[in-house]
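> Pasting the sequence and the predicted model now:
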Amino acid sequence: MPDGSAATIAVRQGGRPTGFGLIAFGLACLVGAIYVGASVVGDLSQVRAAGVLPYVLLAVALVVALGFEFVNGFHDTANAVATVIYTKSLDANVAVVWSGVWNFIGVLVSTGAVAFGIISLLPVELILQVGSKAGFAMVFALLIAAIIWNLGTWYLGLPSSSSHTLVGSIIGVGIANQLMSPTTGTSGVDWTQAAGVGESLLFSPIVGFAVAGLLLLTAKVLIPNRALYEEPRGDQPPPLWIRGLLILTCMGVSFAHGSNDGQKGMGLIMLILIGTVPTAYALNHAVSPERMQAFATVSRQAVDIVASHVEGSTAIGEPREELSEYLHTHVQRPGTLAALRQLINDITIELSKYPELRNVPEDRIRNFRNDLYIVSESIRLILASGTHTFSESDQKVLASYRQEVDMATKFIPGWVKVAVAIALGLGTMIGWRRIVITVGEKIGKSHLTYAQGAAAEITAMATIGAADQFGLPVSTTHVLSSGVGGTMAANRSGLQMATVRNLLMAWVLTLPVSICLAGFLFWGFRILIG
């Protein structure tokens, strides 16, 4: 496409964001950093750690985790601003600040469902022993592998998916964990969960391509305004209503990206916090005494329901080992339900001793959390398998019990959200240009029109928002870049096949490369740290 448009020049020559927007965002980051620092100091004041090693590990791991989100910001979030820049709806500098702000807000209001959906892909024993050397090797391996691949594709200007990369890294760690301990039966990848995540990552770009193209064709029928489907002329912004729509959809994509992609780093940060300072972060201290009473009530109901499905006096060994084996193999044995009944009952008895989760003794915190995690995941698998005929009311009670369990263990402190939001926002404002140029100039053979930009943004906003509600990780990069491609195809503008080929290569190679990188890094870290 022509390389001399005002939008192209603005992108290629534009500096970093300046003016009031930069000052406002800088102040927000400063306030956020102060809040994060004060929160961490307050949380760690409860901890009596032996020496400084846990704090050093915590600091290094947090830097690496936030580094992943920083790269995610200038790698993925840049897609959100490409259309408003190339349709001249916003100046490049203003667009980047606008997107950064809404990424920030999206992270802050996220639910955490995606975060723990990603975590559930990891090997069970590494999650349960996240404070061990193997646990730290896992976290560092998958984060560093994801950062390396993201930086490489960003340098080449390829809109590769950070979500895709992280999932590949998790699979790599799982496979390496299994290969390194073939005789002990350690678990690798939860392939059932991985298949669900893989489907969302596989089909989201197809959805983006098809829906954006159909949306453009529908708009041509319903809104016969020729100017919307032609290349912008000069420095003139689009008509006010389409400009407002493009700015609104940029906001929506940025918000959805923050609420979905931002959660991936949050889940890993929580693993780091649980592993280094479990006293402060293994259990949710914000659960109220009233909620604890409700938890105890539904726990007793869950015990009775599971007990009613246990056949006779089934003999079991250690219930934790029995259920851990079930989570590893997904194969129910005669003692699986009996072990679940026993562990729920043990948790119920222990819950009755503490009016609040903060009262759980320090030497019991890690094991208590692990018991809760094992029970929650076991119930999820049993209900999903359909091997037992639980009535509809019983299923609701078990689902309610699992919700209470997850509330105690699957939580994101406010300061973690703020830290991730700052990293994403800063990343967007520093490294956006390479990806924006690829999306805006190198996918189609003609300049992006107003209608094409709007169709691609609306599709991405709706797809990512829907995935967030179901706790599914999807790629902002894949959805938006494929959406732009879909509008180019629908408009018969033509696609630059060299770019399409490079994008497909990055899409195909991301999974195997990140699997190999993470697997070898995990192996290396395990050898280094013992």
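Done, it's in.
> Wait, a strand at Val47?
No - per DSSP: H, G, I helix; E, B strand; the rest coil, Val47 lies outside any strand segment and is coil.
> For it, grab the count of nearby residues.
15 (other Cβ atoms under 10 Å). C-betas here are computed from N, CA, C, even on glycine.
> Quick check: closest non-adjacent residue to Val114.
Gln263 (4.0 Å; Cβ to Cβ, 6 or more residues apart in numbering).
> residues in contact with the one you found?
Contacts for Gln263 (Cβ atoms under 8 Å, 6 or more residues apart in numbering) come out as 107, 110-115, 118, 412, 473.
> before we move on, what about Leu158?
Here Leu158 is in contact with 438, 502-503, 506 (Cβ under 8 Å, 6+ apart).
> And the helices in the stretch 401-530 of the chain?
With DSSP state H, counting those that start in this stretch as the criterion, the stretch 401-530 of the chain has helices at 414-431, 433-437, 450-469, 476-490, 497-529.
> among these, which is the most enclosed?
helix 476-490 (a mean of 28; mean count of other Cβ atoms under 10 Å).
> how close does Thr153 get to Leu216?
Separation of Thr153 from Leu216 (Cβ to Cβ, to the nearest Å) stands at 27 Å.
> now do Ala280
Ala280 sits at a distance of 51 Å from Leu216 (criterion: Cβ to Cβ).
> With neighbour numbers in mind, choose between those two.
Using other Cβ under 10 Å, the more surrounded residue of Ala280 and Leu216 is Leu216, with 25 against 20.
> Thr487 is in contact with that one, correct?
Yes - contact criterion Cβ atoms under 8 Å: Leu216 and Thr487 qualify, at 4.7 Å.
> Next, show the common contact partners of these two.
Residues touching both Leu216 and Thr487 by Cβ under 8 Å, 6+ apart: 451-452, 455.
> ok, the most centrally placed residue in the chain - contacts?
Central residue of the chain (Cα atoms, centre = their mean): Lys264, 2.6 Å from the mean position. Contact partners of Lys264, counting by Cβ under 8 Å, 6+ apart, are 72, 114-115, 118, 162-163, 166, 473.
> Return the distance of it relative to Leu90.
Counting by Cβ to Cβ - Lys264 and Leu90 are separated by 27 Å.
> Poorly predicted segments of the stretch 351-500 of the chain, please.
Counting by pLDDT under 70, the stretch 351-500 of the chain has low-confidence residues at 431-433, 435, 440-441, 468-474.
> How far off centre is the helix ranked longest in the chain?
For the chain, the longest helix by residue count, based on DSSP state H, is helix 240-276. Distance of helix 240-276 from the chain centroid (Cα atoms, centre = their mean, to the nearest Å) equals 9 Å.
> try stretch 271-285
With Cα atoms, centre = their mean, you get 19 Å for stretch 271-285.
> Please give the number of neighbouring residues around Ala399.
Going by other Cβ under 10 Å, the residues that sit close to Ala399 add up to 13.
> isn't there a helix covering it?
Yes - Ala399: assigned to a helix according to three-state DSSP.
> Please, which helix or strand holds the closest residue to it other than its chain neighbours?
Spatial nearest neighbour of Ala399, chain neighbours left out: Leu383 (7.3 Å); criterion: Cβ to Cβ, 6+ apart. If you go by DSSP states H and E, Leu383 is part of helix 362-385.
> Residues contacting that helix, please?
With Cβ under 8 Å, 6+ apart as the criterion, helix 362-385 contacts 48, 120, 124, 127-128, 131, 274, 278-279, 282-283, 320, 323-324, 326-327, 330, 332, 336-337, 340, 343-344, 346-347, 350, 360, 388, 390, 395, 398-399, 401-402, 405-406, 408-409.
> what's the burial count for the residue lying closest to Ile515 once chain neighbours are set aside?
Nearest non-adjacent residue to Ile515, counting by Cβ to Cβ, 6+ apart: Gly172, 3.8 Å away. Other residues near Gly172 come to 27 when the count uses other Cβ under 10 Å.
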